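> no FASTA, just this:
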């Protein structure tokens, strides 16, 4: 798993809910929808057209309480759209766990929304938590997970699916 | 050093004497929901750790509005049979997860439960640590445990005496309006004080339910006789009430005097946008839909107050009022008590028990530029349908009074 | 030369003393319904409907809205009703399936000519009216109150004998579809006469007129009697002009259906004509996944009453989900008052709000692949109620309730 990300920043505001990332009336109403199709509705209410502008490797920066609300996995469409790493002033617990399990690095970085403007480039090390603004040269410390913590190990495995496959095999729960 | 309620419950389930905030622990989990059974099957695992402690009810989309949903539910039924899941509730015998889970005796004080759906914080009303496990519920299904980060605890002290016309919904909208919707972010919130004791179980339930709206991992109340009265005959296993130690460490403590509280309403966009209803009266906010439902406020006493306000009156001709009780059990009780008949006589649409309208899934989705007053939990843009619609959150009394008036009004004139 | 009931209504509404099959007439329409805006009115700048008291409006197929698109369509209907002063607009909670809620509110009187969108507009025949489905002509009717009609040939079904207590109109209709085929009445007026026509409850007649379209009929008419007026008194807004066939009326064909030995019937997939006595298929133990009691065909108080009687003190089979969708808000109220909802919900049935519900496969209980539904509705075509791989079997409310208890398609007589 990659631990350093460099990319262009898209900025979002405060309390960006998972209803905005995964609109119920578009996505939940249609369980046959593919992740790629579902991603087309991401942020369609608050920022129409964004899905056509975002590029693989871009970074997303948001204010406080990112991913508040429903337990819908808002990280999945972000990952499908190519977002490499997410930084927010604060992140809801449910969303943070979904991000870890999806394998999308998502860091709590108090002060990040004041630290970077949209379109600027950041370099993020998710092991040390160091964030560098390549346009201003300033640095900011994000909260990194302890390397021996379960969330870090799951993230490094690439997400919950890969982590679980390994773990259930080792536990002998899978019939040969 | 003493421990908070969450610390005690997590320590016990981790098999250690004490834990402290920030620590990562693996905890045994007492129960979960079965939404991840397919993921378990894909991993090649043919059994769950305990089929008696896995709970499934299709609440969001029952009965199916599309073939795709119908096929997904058929898949659920197959998995239920394959894994021998004991607690599966078919339409007509279920309702909304958080309500049916409680009715079937799945929550008890001191337990640690992680389940699908963000409003799992609801279970905190039973003095249990209940929170969301979304994708990682599959870990519980396989092993019966899950990792937790021990959260910081904060305490909200509800002082004074709650006026007769206010309920838990008004309290949480008030608290969220003052502290913001992230005072509980990744934390365990404990609600204590005379008003916590004064409130009915259902009123506390609303506050625990909306714990997630203030970011909380757990939203806990202490247990008392009201808690035990509900659990009697539902929970047969032994349990003990959990209280915080006197020297427990809280990251913050917030005090509120609720003696002068008046009915609240949250303006569209965020549950933290709460203001007194009386402050918006001059705006004459016309409504198209009034929704009395959801896991937040659709219990028997919520239906009772609405029926009391509406009895003998008519829903305003320009308004459609949708009523969806929180479970089949509540539906039956409300029928017996005559509440549903009163509401229907007034022109309200009585639905089966479903999450439908609350999350914009079906059963009453909002069109462009429509305005809804709702007893539910979220008023984010696009939550209940069109991104151009507006949702105001309020108590059942305010929803009912507004449905009659055709615009948002103070329920006190009707009570 | 004498006239049939359909001929008399068309003659009266076209201002003629006599009409004959094959003749084209311009007829005045007594009532019609709108289910969305009429774009032609906007295009042509027409500011009024032909009669604000005779054009009714309701959103029944998708009540309450399952999608934003449907919500916007609902809002457009409501705005249309407001703009054109439609007096009989039924908002959610006061609504019902059009064929039920409209007659409850004075839409139809005996002798009327009703033309409306929705194929089950043949239903109004149970009120001794001519009810005929239309589609593209709606704009024209709403603006002018008139429609050209071709006078149809009439056929007569004499319902003879005595109907056993355990059978209802649904069983009679499925028997007719089985014996005569679902094209026996294509583009014809069906007239139901004889002792069993008189014996049937109004609800049973409703079922048969309603399913007239399933045997191809343009309309399906009963004579008016005390039962008709018992329902219509206090609701009708026009003087009744009841019609009966002249003794020398000409029928293209006449059929006699002896109902004395009729048994409960069930239509197997995928056509109403594939009907058999339930007793003949019970031994096959046809597993039921969903039992649907609803639709304009069979979701009135008497239909729900029989289901409540059967399910009283019993439980819906654990592997079956039973969905009950009453035909209208009025039906909902009456069933609540009579305690039927308590009985059915205690038995484990889901009581939904009124509307078309699962019948047209729009929402509120679609079927998954390979599932089987026993339904009190009207059509069991492939894909009608959801997946094209699902099977729908049609039967009376009693058979639906009995099958819900047993978990397979079962004869209701042991519960009656």
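Good, I have the coordinates. Keep in mind it's a predicted model, so treat the numbers as computed, not measured.
> Now do the SS call for residue C:156.
Secondary structure, DSSP: H, G, I helix; E, B strand; the rest coil: residue C:156 is strand.
> Oops, could you answer that again for residue C:110 instead?
Secondary structure assignment for residue C:110 (three-state DSSP): coil.
> count of neighbours near residue 19?
As the question left the chain open, I've gone with chain A. Neighbour count for residue A:19, taken as other C-beta atoms under 10 Å in any protein chain shown: 26. From N, CA and C alone the C-beta is placed, and that goes for glycine too.
> Please refer instead to chain C.
Residue C:19 has 22 neighbouring residues, counting by other C-beta under 10 Å.
> Next, work out how far apart residue C:278 and chain A are.
Relative to chain A, residue C:278 is positioned 35 Å away (C-beta to the nearest C-beta, to the nearest Å).
> hang on, that residue packs against residue C:411?
Yes: counting by C-beta atoms under 8 Å, residue C:411 is a contact partner of residue C:278 at 4.6 Å.
> More neighbours: which of those two?
Taking other C-beta under 10 Å, residue C:278 and residue C:411 do not tie; residue C:278 has more neighbours (26 against 22).
> Check that one and give its pLDDT.
pLDDT recorded at residue C:278 is 98.
> Phi first, then psi, for it.
Here is the backbone geometry of residue C:278 (degrees, to the nearest 10): phi -60, psi -40.
> hang on, the earlier thing: what's the overlap in contacts for residue C:278 and residue C:411?
Here residue C:278 and residue C:411 have C:263, C:264, C:399 as joint contacts, going by C-beta atoms under 8 Å, 6 or more residues apart in numbering or on different chains.
> where in the chain is pLDDT low?
I went with chain A, as the question did not name one. A:29, A:176 (pLDDT under 70).
> Chain B is the one I meant
Low-confidence segments of chain B (pLDDT under 70): none present.
> Centroid-wise, who is the farthest residue in it?
Distance to the chain centre peaks in chain B at residue B:44, reaching 33.8 Å (criterion: C-alpha atoms, centre = their mean).
> got the contact list for it?
A:168, A:173, A:174, A:175.
> Enumerate the positions of stretch C:321-341 that are buried.
C:321-336, C:340-341 (16 or more other C-beta atoms under 10 Å in any protein chain shown).
> just checking, what's the longest strand in chain A?
Counting residues, the longest strand found in chain A (DSSP state E) is strand A:4-11.
> and stretch A:90-108, how far apart are its ends?
5 Å (C-alpha to C-alpha, to the nearest Å).
> And for stretch A:101-111?
Terminal residues of stretch A:101-111 lie 25 Å apart, using C-alpha to C-alpha.
> mind listing what's buried in it?
A:101, A:102, A:103, A:104, A:105, A:106, A:107, A:108, A:109.
> Out of those, which sit inside helices?
A:101, A:102 (DSSP state H).
> thinking again about what came up before, could you point out which element follows the longest strand of chain A?
helix A:18-21 (DSSP states H and E).
> near chain C at all, that next one?
No: judged by C-beta under 8 Å from any C-beta of the partner chain, helix A:18-21 makes no contact with chain C; its nearest approach is 13.4 Å.
> neighbours around the nearest residue to residue A:106 once chain neighbours are set aside, how many?
Using C-beta to C-beta, 6 or more residues apart in numbering or on different chains and skipping residues adjacent in sequence, the residue nearest residue A:106 is residue A:99, 3.6 Å away. When neighbours are defined as other C-beta under 10 Å, residue A:99 has 27 of them.
> Equivalent analysis for residue A:56, please.
Residue A:56 is flanked by 9 other residues according to other C-beta under 10 Å.
> I figured it hits residue A:82, correct?
Yes: between residue A:56 and residue A:82 there is a contact at 3.2 Å, judged by C-beta under 8 Å.
> can you tell me which helix or strand residue C:70 belongs to?
Judged by DSSP H and E, residue C:70 forms part of helix C:68-83.
> Does that helix reach chain A?
Yes: contact of helix C:68-83 with chain A (C-beta under 8 Å from any C-beta) involves residue C:68.
> wait, does the helix or strand following that helix make contact with chain B?
Sequence order places strand C:88-90 as the next helix or strand after helix C:68-83, per DSSP H and E. No: for a cut-off given as C-beta under 8 Å from any C-beta, strand C:88-90 has no contacts with chain B; the smallest distance is 9.1 Å.
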